[in-house]
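*Asks:* no sequence for this one, just the structure:
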Ligand SMILES: [Zn+2]
């Protein structure tokens, strides 16, 4: 556990890598007329928690805000690209849905679970806080791809796979995103099956198999902890405790991908090809 804390401190500097589901995000359809009540609602919800506690402040467009570029940043070419970014992001999403083996597998698994993905309804490219690359909004059952952060196909593929695991858990496992143990569990699964699997080759090299295993587990714990802390205003100790509590069970649960993916291997294709054997209706 101590190791985990140290790694986290190091990882925290790599803010762009932190991913977070905007649980309990505000409904996108807030009309301007309801702004007064909405802003009141956003300062404190009925259970006495501030919106920051639930992470939706990372996704301004979820609150019905349209992203407005600052003129100083437009001048320097840093902002003002939103429509171009959105178009590129949507193209990358489309490419991943057609060509990304894990995205295709996840879409098949979701469909077979009774939660099919309709691209226009369930995936949204948006401008996000620069600390996140994507998110899952359980209120609207929608995946957010951060068009200002996930700018190429492989990043979008990573975001989609990760968020589709949250969507899959929400569909299949009767999840309550307000329960920190549930949140920790789905973050462990997403880190295990997506993020850390892609990174695992970095740990391999001359490491003994034991070290690889340990390094992979630490990667999953670190990534899951960062994701939990990004969306829950709880202490690091409480977040670590939740991750440790559910880790053995959730790390072992490889549904629906069925394996940890190794980099530069045919694992992604294998997982995709084997999908139908598990009853997944792969595209
Ligand atoms: Zn996540």
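*Replies:* Good, I have the coordinates. Because the structure is predicted, anything quoted here is derived from the model rather than measured. Residues are numbered from 1 along each chain as shown.
*Asks:* any idea what residue 144 is bridged to?
*Replies:* Beta-bridge partners for residue 144, by DSSP bridges, are residue 124, residue 135.
*Asks:* how many other residues sit next to it?
*Replies:* 29 (other CB atoms under 10 Å). For the C-beta atoms, the positions are set from N, CA and C on the backbone; glycine is no exception.
*Asks:* that one and residue 133 touch, don't they?
*Replies:* No. Assessed by CB atoms under 8 Å, residue 144 is found out of contact with residue 133, at 9.5 Å.
*Asks:* tell me the buried residues in stretch 251-259?
*Replies:* Going by neighbour count (16 or more other CB atoms under 10 Å), the buried part of stretch 251-259 is 251, 255, 256, 257, 258.
*Asks:* can you check stretch 151-164 too?
*Replies:* Buried positions in stretch 151-164, judged by neighbour count with 16+ other CB under 10 Å: 155, 156, 157, 158, 159, 160, 161, 162, 163, 164.
*Asks:* what strand or helix carries the fifth one?
*Replies:* With the criterion set as DSSP states H and E, the secondary-structure element containing residue 159 is helix 153-172.
*Asks:* next structured bit after that helix?
*Replies:* Sequence order places helix 180-190 as the next helix or strand after helix 153-172, per DSSP H and E.
*Asks:* contacts for that next one?
*Replies:* 19, 21, 23, 162-163, 165-166, 169-170, 173, 175-177, 220-221, 223-224, 227-228, 231-232, 234, 238-239, 242-243, 245-247, 249-251, 253 (CB atoms under 8 Å, 6 or more residues apart in numbering).
*Asks:* from those residues, list the buried ones, please.
*Replies:* Among the contacts of helix 180-190, those scoring as buried are 19, 21, 23, 162-163, 165-166, 169-170, 175, 177, 220-221, 223-224, 227-228, 231-232, 239, 242-243, 246-247, 250-251 (criterion: 16+ other CB under 10 Å).
*Asks:* so where's the stretch 51-200 of the chain shaky on pLDDT?
*Replies:* 51-54, 71-72, 74-78, 197-200 (pLDDT under 70).
*Asks:* now with 80, please.
*Replies:* Applying pLDDT under 80 to the stretch 51-200 of the chain picks out residues 51-57, 63-80, 173-174, 195-200.
*Asks:* near the ion, which residues of it?
*Replies:* Contacts of the stretch 51-200 of the chain with the ion, taken as CB under 5 Å from the ion, map to 187, 190.
*Asks:* give me that answer again for 6 Å
*Replies:* Selection of the stretch 51-200 of the chain residues close to the ion by CB under 6 Å from the ion yields 162, 166, 187, 190.
*Asks:* may I ask which two of those are separated the most?
*Replies:* Farthest-apart pair in these is 162 and 187; separation 9.1 Å (CB to CB).
*Asks:* closest one of the residues of the stretch 51-200 of the chain next to the ion to residue 116?
*Replies:* Distances from residue 116 to these, taken by CB to CB, are shortest for residue 166, at 16.1 Å.
*Asks:* so the closest one touches residue 136, yeah?
*Replies:* Yes. Contact status for residue 166 versus residue 136: in contact at 4.0 Å, counting by CB under 8 Å.
*Asks:* give me the neighbour count for residue 68.
*Replies:* 11.
*Asks:* for the ion, see how far away it is.
*Replies:* Note on residue 68: its distance to the ion, by CB to the ion, to the nearest Å, is 28 Å.
*Asks:* fine by me, we can end here.
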